[in-house]
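Chemist: Below are the sequence and a predicted model for it; my questions follow.
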Amino acid sequence: MESLFSRYRNITVLLFVIFAQIVLLAYQVKNNNDVRIIRIWAVTAVTPLAQVVEDSRSSVAGFFGSYVSLRDVREQNQKMQAQLDSLKMENQFLRNELSMADRVKALGQFEARSPSKMIAARIIGTGSGATNKVTFVDRGSASGVEKGMGVVTPDGIVGKVLAAYPTASQVLMVDDPGFAAGVISQKTRVRGILKGLGHGKCQVDYIQNEEKVEQGEMFYTDGEDRIFPQGMPAGKVTSASPGNNFKQIALDPSGLRNGPEEVLIVLRGVHEQIPEMALPAREIYLGPQVPAGPANKSGVSGAGNPEAPAKPYTTDADRLRQRYKDIGDAQGHKFGEGLPGSLPPDFNLKPKPAPAPPSSPTESKPPASRPAPRLNTVPPAETTPPPF
């Protein structure tokens, strides 16, 4: 390096002197805006580097600021998520409490309306098994529960008590294959035996193929099994078809439809009437009403002749009502106000017909007959025969 500098020393000195002269000239010379050229060169040379440094600093500061902000946002998000989960659990708990309150209210209303003596119980456990359906309730022999008592809800029958312990009872559900109860159809009053099939399904056996059972028809308990009182809903028919010996009837148990959690145990059953099946209302066409007024040309009262009176009544009920009214008026009896010691009216009495309304004065007097006209007749004069 020293040998190179020593060899080109003169040229180096010359270049340094020229550069110094240029710098001095730039320091002395100004542009149109009264700014020295050397200042312009310095700013132009330093500005890109300063811009690069500032961009790097802003990027690094923004990165660390975003990281800190995102970290805070993540913590806030986690807190809000925990609060949301807590609110969801609280909301679900309140919904369950409200649903339980509605079910308990429905059970209380059903118990108050039913003449049978019942006691409320809650399902606390379910027995294990693929086909058997056994549950446990929190009422036992200490509460008066005995083996063989029926278990129901307002929707229908649920099962029967299989075993009663001091503080709990084992209940055989209605869809268990070992369950059986006597039922009767609502529409045709056909009797059969309700049996469980497992998995929430039941069937009705021992109904002849000749009997009529329709899809959608309700079955009720008949009370013959001495477990459930008569009139408890059992379920709705989902399908009915003829079989080899008896009719094949599939039944959807109404007591298991909503997954019962609270039930009623029938301590003393009282039979009730099976409700009548409501028939669907059919539309009946009614023609236009006959206008009130005088009789028209065809003999029906109309508005063509205002002098003809309208009929007071046209049906048998109207005539019977008018007859009773005439009998009551003739005997001075007022229906619906029977006084102590008063005698009932004599319905064999034939009341006198009401007098006809008086006619107009012009119609009451017959027209006066006019006298016959008198003819002016002159007797013929006596004529004498002419002389011959």
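Modeler: Now that the structure is in, tell me what you want to look at.
Chemist: Output the below-cut-off pLDDT ranges for the stretch 51-200 of the chain.
Modeler: Applying pLDDT under 70 to the stretch 51-200 of the chain picks out residues 128-132.
Chemist: what's the single longest helix in the protein?
Modeler: helix 37-113 (DSSP state H).
Chemist: helices and strands around it, which ones?
Modeler: helix 9-28, strand 117-126, strand 262-268 (3 or more Cβ pairs under 8 Å, 6 or more residues apart in numbering; DSSP states H and E). (Each C-beta comes from the backbone N, C-alpha and C, glycine too.)
Chemist: mind running it again at 6 Å?
Modeler: With contacts taken as 3 or more Cβ pairs under 6 Å, 6 or more residues apart in numbering; DSSP states H and E, helix 37-113 sits against helix 9-28, strand 262-268.
Chemist: right, so the ones you listed: which one is the most enclosed?
Modeler: Stretch with highest mean neighbour count among these: strand 262-268 (a mean of 20; mean count of other Cβ atoms under 10 Å).
Chemist: now could you export just the CA positions of it as CSV?
Modeler: Provided in CSV are the C-alpha atoms of strand 262-268 (Å, rounded to 0.1, in the frame of the first residue of the first chain):
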residue,chain,number,x,y,z
GLU,A,262,-89.7,-35.9,37.1
VAL,A,263,-92.5,-38.5,37.4
LEU,A,264,-95.6,-39.2,39.5
ILE,A,265,-96.1,-42.5,41.3
VAL,A,266,-99.8,-43.5,41.6
LEU,A,267,-100.3,-44.4,45.3
ARG,A,268,-104.1,-44.9,44.9
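Chemist: for the helix or strand just after it, the distance to its chain's centre please.
Modeler: Sequence order places helix 316-331 as the next helix or strand after strand 262-268, per DSSP states H and E. With Cα atoms, centre = their mean, to the nearest Å as the basis, helix 316-331 stands 48 Å off its chain's centre.
Chemist: Go through helix 316-331 and flag the buried ones.
Modeler: By 16 or more other Cβ atoms under 10 Å, the buried positions in helix 316-331 come out as 326-327.
Chemist: same question for that helix, mean pLDDT?
Modeler: Helix 316-331 comes out with an average pLDDT of 81.
Chemist: That one - contacts with which helices or strands?
Modeler: Secondary elements touching helix 316-331 (3+ Cβ pairs under 6 Å, 6+ apart): none.
Chemist: so residue 191 touches residue 183, yeah?
Modeler: No. Counting by Cβ atoms under 6 Å, residue 191 does not reach residue 183; the two are 7.3 Å apart.
Chemist: okay, these two: which has more neighbours?
Modeler: Neighbours of residue 191 and residue 183, each counted by other Cβ atoms under 10 Å, are more numerous for residue 183; the result is 28 against 15.
Chemist: which element is the more buried one on?
Modeler: Judged by DSSP H and E, residue 183 forms part of strand 180-185.
Chemist: Residue 252 now?
Modeler: strand 248-253.
Chemist: could you list every residue that touches residue 13?
Modeler: By Cβ atoms under 6 Å, 6 or more residues apart in numbering, no residues touch residue 13.
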